[in-house]
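Undergrad: following is a predicted model, sequence given first.
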Number of protein chains: 2
Amino acid sequence: MIILKLGGSILTKKDSDESEIDDDNLKRIAHEIKESLESSNSKLVIVHGAGSFGHPPAKQYKIGEPFEIDEYPEKRIGFSKTQNAVKKLNMLICDALIGENIPVIAVPASAFMTSTNKRITDGNLDKFKQYIEKGYVPVIYGDVVIDEELEMAVISGDQIIQYLAVNLKPDTVILGTDVDGVYNKNPKLHDDAEFIELVSSLDDLDAFEQTTNVDVTGGMVGKIKELLDLADLGIESQIINADLENNIFDALENNKVKKTVISTKK
Amino acid sequence: MIILKLGGSILTKKDSDESEIDDDNLKRIAHEIKESLESSNSKLVIVHGAGSFGHPPAKQYKIGEPFEIDEYPEKRIGFSKTQNAVKKLNMLICDALIGENIPVIAVPASAFMTSTNKRITDGNLDKFKQYIEKGYVPVIYGDVVIDEELEMAVISGDQIIQYLAVNLKPDTVILGTDVDGVYNKNPKLHDDAEFIELVSSLDDLDAFEQTTNVDVTGGMVGKIKELLDLADLGIESQIINADLENNIFDALENNKVKKTVISTKK
């Protein structure tokens, strides 16, 4: 089984004032996934980010930050708005995937997961596993959940990947982002940024300057931390550039592709 | 706690070729619900139908009918399409409710329920209860679910009401439909149709001709059967015309409104 993450930055237009889908990327990626499913018939789970749909309401209402009790009604509306915004994104993504004849089924985190201090601490995956067994491709995404300590939290697609991988034991985890992988500096700002092919420990992160891809649910460093937890459990993951044609297909097919591997195997 | 059903025929345009929301009804009803929540602050659960969004794909792919194994891939696509269509309807409905400052949270049946021969036989309501306790208004809707016998099934909003009511023990169940309640004949076709104020048993149904409001998940007779099961458990329900201004508000507030009551208390 493969867990494939499609970053919000790949599927939505982050620079847009409005929540807007990146139709070209979405259609191309949906087609690449279909081609791979037809060729290798492996089990697949798709996780997508919240992108320009989920981040604005989550930020506006400061979901996940401490608040006074009299602010609760307003916070709840923020929670509802964020859930509905990511639902809309999910609906558009599923629409494109169904258009390629991929039997996707959304199983939203807000419907079955709970967090404690922003970390997923509960989420029965039986329904998830059932859909996989029946030949569906479950889709889950960055969402809001009830938090045992903070009343509510945003959980990122990256954290969901980590939770799913620990519990579903996939063969591979693939993260489709808008960069080639991990650099020691932001390659968009520094000509001398070096590409890192393997990240094995948190120590490798200390040397980093701020990376690209910063968002309210954690940027590249946040991703790598989640993935290192997996590496510790023996689950290898890879970060690839999903903006480049055929990269998703090649990664799914285990073909050669430029990537950063997160693994403790040296 | 009140369980409020908003029929698909009220929220969507059934006559339209395309899946289309009935914006005027939706906005008006959202406002009436808000007015009631502000006035009485009671706990509320909203169930909505699939309307002109869910019925076309469910019908086209014959979801819930027996099929040959080689048809399974095609059926799965139908399942996915139906889920995504009702998700879109739900997103639009939640949008209107959030616009009235109602903290709605969708908890889709496909994410946690299972049926056996088209009847819901499993569906842990802990998350549902948690949202109610925290002051949210959970929203659930006619959806597709995995069926233990048939692989897949469509479950109607009416069946969901019955399942929720049995497990959540609401004070009242209100069904907003596009008719005043139950008649002994179709009032749109028969001038001498008599309005029935109380239905107490299945025997009352035998005298019925075909009623209005027929849909692929069961029309008025299907509704009444679900509600009689509740009546047997001591849970009274009422069918009202949600097309008429203030009826939803009045029913929520227990004000006088034309209705058919389904109850075994005579």
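TA: Looks like it arrived, so ask away.

Undergrad: how close does A:Gly54 sit to chain B?
TA: As defined by Cβ to the nearest Cβ, to the nearest Å, A:Gly54 lies at a distance of 13 Å from chain B. Any C-beta I mention is one placed from the backbone N, CA and C, and that applies to glycine too.

Undergrad: what sits against that residue?
TA: Shown in contact with A:Gly54 (Cβ atoms under 8 Å, 6 or more residues apart in numbering or on different chains): A:Gly8, A:Thr82, A:Ala85, A:Val86, A:Leu89, A:Gly142, A:Asp143, A:Val154.

Undergrad: quick check: phi and psi on it?
TA: phi -80, psi -30 (degrees, to the nearest 10).

Undergrad: buried residues, stretch A:135-149. List them.
TA: A:Tyr136, A:Val137, A:Pro138, A:Val139, A:Ile140, A:Tyr141, A:Gly142, A:Asp143, A:Val144, A:Val145, A:Ile146, A:Asp147 (16 or more other Cβ atoms under 10 Å in any protein chain shown).

Undergrad: what does stretch A:28-43 give?
TA: A:Arg28, A:Ile29, A:Ala30, A:His31, A:Glu32, A:Ile33, A:Lys34, A:Glu35, A:Ser36, A:Leu37, A:Lys43.

Undergrad: please, which helix or strand holds the fourth one?
TA: This means A:His31. helix A:23-40 (DSSP states H and E).

Undergrad: is any residue of that helix near chain B?
TA: No - Helix A:23-40 lies out of reach of chain B by Cβ under 8 Å from any Cβ of the partner chain, never closer than 10.9 Å.

Undergrad: residues in contact with that helix?
TA: Outside helix A:23-40, the residues touching it (Cβ under 8 Å, 6+ apart) are A:4, A:6, A:10-11, A:42, A:44, A:46, A:92-93, A:96-97, A:99-102, A:137, A:176, A:242-243, A:245-246, A:248-249, A:252-253.

Undergrad: what's the first helix or strand after that helix?
TA: According to DSSP H and E, the helix or strand after helix A:23-40 is strand A:44-48.

Undergrad: taking helix A:23-40 as reference, get the angle to that next one.
TA: Relative orientation of strand A:44-48 versus helix A:23-40 (axes from the mean of the first three to the mean of the last three Cα atoms, to 10 degrees): 160 degrees.

Undergrad: model confidence over strand A:44-48, on average?
TA: Throughout strand A:44-48, pLDDT has a mean value of 98.

Undergrad: also stretch A:63-82?
TA: Mean predicted lDDT for stretch A:63-82 stands at 97.

Undergrad: give me the three-state assignment for the residue lying farthest from the centre of chain A.
TA: Here chain A reaches farthest from its C-alpha mean at A:Asp70, the gap being 33.1 Å by Cα atoms, centre = their mean. With DSSP: H, G, I helix; E, B strand; the rest coil as the basis, A:Asp70 sits in helix.

Undergrad: how many residues are close by the residue in the stretch 151-266 of chain A positioned nearest to chain B?
TA: Nearest residue of the stretch 151-266 of chain A to chain B, counting by Cβ to the nearest Cβ: A:Glu151, 7.1 Å away. The number of residues packed near A:Glu151 is 18, by other Cβ atoms under 10 Å in any protein chain shown.

Undergrad: related to what we said a few turns ago, what about chain B: which of the contacts of helix A:23-40 touch it?
TA: Answer for the contacts of helix A:23-40 near chain B (Cβ under 8 Å from any Cβ): A:Asn101, A:Ile102.

Undergrad: so which of the contacts of helix A:23-40 belong to helices?
TA: A:Ile10, A:Leu11, A:Leu92, A:Ile93, A:Ala96, A:Leu97, A:Gly99, A:Ile248, A:Phe249, A:Leu252 (DSSP state H).

Undergrad: counting neighbours, which of the residues you listed comes out on top?
TA: Most neighbours among these, by other Cβ under 10 Å: A:Ile248, with 28 neighbours.

Undergrad: circling back to that earlier point, so can I have TSV of the buried residues of stretch A:135-149 showing distance to B:Asp180 and pLDDT?
TA: Conversion of those to TSV gives the following (distance: Cβ to Cβ, whole Å; pLDDT from 0 to 100):
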residue	distance to B:Asp180	pLDDT
A:Tyr136	42	98
A:Val137	45	98
A:Pro138	43	98
A:Val139	42	98
A:Ile140	43	98
A:Tyr141	42	98
A:Gly142	45	97
A:Asp143	40	98
A:Val144	39	98
A:Val145	41	98
A:Ile146	40	98
A:Asp147	45	98
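
Undergrad: secondary structure for those - can I get that in CSV?
TA: As requested, the buried residues of stretch A:135-149 are exported to CSV (three-state DSSP):
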residue, secondary structure
A:Tyr136, coil
A:Val137, strand
A:Pro138, strand
A:Val139, strand
A:Ile140, strand
A:Tyr141, strand
A:Gly142, coil
A:Asp143, strand
A:Val144, strand
A:Val145, strand
A:Ile146, strand
A:Asp147, strand
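
Undergrad: could I get those as TSV with distance to B:Thr121?
TA: Converted to TSV, these look like this (distance: Cβ to Cβ, whole Å):
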residue	distance to B:Thr121
A:Tyr136	20
A:Val137	25
A:Pro138	21
A:Val139	25
A:Ile140	24
A:Tyr141	28
A:Gly142	32
A:Asp143	27
A:Val144	29
A:Val145	26
A:Ile146	26
A:Asp147	31
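
Undergrad: interface residues of the stretch 51-200 of chain A facing chain B?
TA: A:72-73, A:76-77, A:79-81, A:83-84, A:87-88, A:90-91, A:94-95, A:98, A:101-108, A:110-112, A:114, A:124, A:127, A:130-131, A:134-136, A:146, A:151.

Undergrad: returning to what we had before: closest to A:Ile120 among the buried residues of stretch A:28-43?
TA: Nearest to A:Ile120 among the buried residues of stretch A:28-43: A:Lys43, at 21.6 Å, using Cβ to Cβ.

Undergrad: backbone phi and psi for that closest one, please?
TA: The phi/psi pair for A:Lys43 (degrees, to the nearest 10) is phi -70, psi 140.

Undergrad: contacting residues around it?
TA: Contact analysis of A:Lys43 by Cβ under 8 Å, 6+ apart lists A:Met1, A:Ile2, A:Ile132.

Undergrad: what about the second one, distance to chain B?
TA: Okay, so that is A:Ile2. 19 Å.

Undergrad: over to the first one?
TA: For A:Met1, the distance to chain B (Cβ to the nearest Cβ) stands at 17 Å.

Undergrad: for chain A, which spans come out with low pLDDT?
TA: A:15-17, A:205-219, A:266 (pLDDT under 70).

Undergrad: find the centremost residue of it, please.
TA: Geometric middle of chain A (Cα atoms, centre = their mean) lands on A:Gly157, at 3.3 Å.
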